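Engineer: Structure for the following, please:
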Amino acid sequence: MRFIKNILKFIIALFESPISAGILSFFVYALIAAQRGSITGTSSAPYFNYLADAFLHGQLSLRLLPANQHDLAFFSGQYFMYWPPFPAILLMPFVALFGVGFSDVFLTLLIGALNVSLVAYTFRVVDKQNLIPIDAAGRGILTIFFAFGTVHLFLSSLGIVWFTSQIIAFLCSILAFLAAIRLKGYPAFFLTGLALACATLTRNHLIFLGIWPAYFLFQSHKSSGLKNIIPYFLVAALPILAAVVFNGLYNYLRFGNILEYGLTYQDFGAFFRPDFQKFGHFNIHYLPTNFYYNFIYYPFPTSDTTLMGGSLFLLSPLFLAGFRAIRDSNTRKSVIMLWFTIIAVTIPILMNIGTGWKTFGPRYTLDFTIPLLLLTAIGFRTWPKWVSFLFVIISIAQFIIGTLFYIRVT
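Structural biologist: Coordinates of the predicted model:
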């Protein structure tokens, strides 16, 4: 028994370290990805590679066409992407060097591992600054949980366009939170705004993720006086405003409408087409279905609807600690703002036509996982370590089984 405890302590200590946490996560993600094919090859939908190629050749429509055109937008005889363009911009130097055959799978594995490192580092920062005191064992458990017990495991291991965009969006989002927490003065505001701009240029509704960083920056700088606070926020707003203008111009040049992302012309496929024709892309009609598949439904591997999503709190039960965070009187205002941020990000998710279809787990919930992780870090401190560890083991088992099931049936 002592031997097992020592092994567990060693593993937890490895994941408390940002460097070793990232390296180990990469190998686990790569091992899972290898069950589907080569980790240095392309996925079945490497669309960002093709958009990067189009940008490199001075055009906004796809110059080359991928073998699979599902979910692309067809307009005026050309194929476009409805996804915002930042991932393609990020890929441009790689596609310039290696062509459209550059491995989106490998890139997603790398960024997924980097995300784990940044989560581990974030827990160190909030502990060091006494924002959320967490001992080393707690930090290690939380990092293991994020790496393997949340939908991040599933999304990091497969590399197709839908998942790559979310992994890149998470990277931008956690950099925004880190800039707000770690830095001071103009660098804090500007880099927070820049990271949020990149997140918004990856997944538009992530602009709402800036609610808590804005609150935190205000609280940590309000002693400098209103005279200084206003220029600070103007500096933060500049890159976000630039991203909004860029998005509008990008849409106008493609479709003649600053609000048209290509969703009107998207090839949804037979599964979603009837709902789209009746209710459009965003509608309150979708709210009950999306709420069910993201927060209630359990994806039994034998069910026909297994790949429709899955309950966030059943698959990742450690997140339940986030509800306990409200009892912490020392952080109550911050906790309220974290929950408000989560709700603001969740509303567009619940009104979207898709549930996260053909995935295991509630993939869209990754969009608000950063504030939820911080809430979990606050709430789980009052739990016995063995309870937290048990929840982590349950989560890891479910996501590994579910991800391997997905690989087998798709």
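Engineer: Run through the strands of the stretch 301-410 of the chain in chain order.
Structural biologist: Per DSSP state E, counting those that start in this stretch, the stretch 301-410 of the chain carries strands over the ranges 308-309, 359-360.
Engineer: Out of those strands, which is the most enclosed?
Structural biologist: The highest mean neighbour count among those, using mean count of other Cβ atoms under 10 Å, belongs to strand 359-360: a mean of 28. Placement of C-beta: from N, CA and C, glycine included.
Engineer: Name the residues that touch it?
Structural biologist: Here strand 359-360 makes contact (Cβ atoms under 8 Å, 6 or more residues apart in numbering) with 151, 154-155, 162-163, 299, 306-307, 309-310, 399, 402-403, 405-406.
Engineer: can you check stretch 62-81 too?
Structural biologist: The contact list for stretch 62-81 (Cβ under 8 Å, 6+ apart) reads 44-48, 50-51, 53-54, 57, 60-61, 82, 88, 100, 161-162, 254-255, 262-269.
Engineer: Let me see the contact set for the closest residue to Phe189 other than its chain neighbours.
Structural biologist: Leaving aside its sequence neighbours, Phe189 sits nearest to Ala236 (Cβ to Cβ, 6 or more residues apart in numbering; 4.0 Å). By Cβ under 8 Å, 6+ apart, the contact list for Ala236 reads 189-190, 192-193, 214, 217.
Engineer: Just the buried residues of the contacts of stretch 62-81.
Structural biologist: Neighbour-count burial (16 or more other Cβ atoms under 10 Å) is assigned, among the contacts of stretch 62-81, to 44-48, 50-51, 53-54, 60-61, 82, 88, 100, 161-162, 254-255, 262-263, 265-266, 268.
Engineer: In this structure, which residue is most central in space?
Structural biologist: The centroid of the chain falls nearest to Phe170 when counting by Cα atoms, centre = their mean (3.6 Å).
Engineer: Does that one touch Thr150 like I think?
Structural biologist: No: using Cβ atoms under 8 Å as the test, Phe170 is too far from Thr150 to be in contact (10.5 Å).
Engineer: Residues that sit against both of those two, list them.
Structural biologist: By Cβ under 8 Å, 6+ apart, Phe170 and Thr150 have these common neighbours: 366, 369.
Engineer: mind listing what Val244 touches?
Structural biologist: 200, 207.
Engineer: Mind telling me what element it is part of?
Structural biologist: For Val244, the host element (DSSP states H and E) is helix 226-255.
Engineer: By mean pLDDT, which helix or strand of this protein comes out lowest?
Structural biologist: The weakest-scoring helix or strand in the chain, judged by mean pLDDT, DSSP states H and E, is helix 273-279 (a mean of 84).
Engineer: distance of the closest residue to Ile336 other than its chain neighbours from Leu307?
Structural biologist: Spatial nearest neighbour of Ile336, chain neighbours left out: Ile326 (7.6 Å); criterion: Cβ to Cβ, 6+ apart. Look at Ile326 and Leu307: by Cβ to Cβ, to the nearest Å, they are 34 Å apart.
Engineer: What of Ala113?
Structural biologist: Per Cβ to Cβ, Ala113 is found 25 Å from Leu307.
Engineer: next one: Ala96
Structural biologist: To Leu307, Ala96 is 35 Å away according to Cβ to Cβ.
Engineer: And these two? Which one has more around it.
Structural biologist: Taking neighbours as other Cβ atoms under 10 Å, Ala96 and Leu307 compare with Leu307 leading, 20 against 13.
Engineer: my read: that one touches Ile407, true?
Structural biologist: No: assessed by Cβ under 8 Å, Leu307 is found out of contact with Ile407, at 11.4 Å.
Engineer: quick revisit: tell me which of the contacts of strand 359-360 fall in helices.
Structural biologist: 151, 154-155, 162-163, 399, 402-403, 405-406 (DSSP state H).
Engineer: nearest spatial neighbour of Leu259, skipping sequence neighbours?
Structural biologist: In space, and not counting its chain neighbours, Leu259 is closest to Asn251: 6.7 Å by Cβ to Cβ, 6+ apart.
Engineer: Check the gap between the one you found and Ala21 for me.
Structural biologist: Distance of Asn251 to Ala21, computed by Cβ to Cβ: 39 Å.
Engineer: out of the two, which sits in the more crowded spot?
Structural biologist: Of the pair Asn251 and Ala21, Ala21 is the one with more neighbours under other Cβ under 10 Å, namely 26 against 20.
Engineer: check contacts around the more buried one.
Structural biologist: For Ala21, the contact set (Cβ under 8 Å, 6+ apart) comprises 14-15, 116-117, 119-120, 143, 147.
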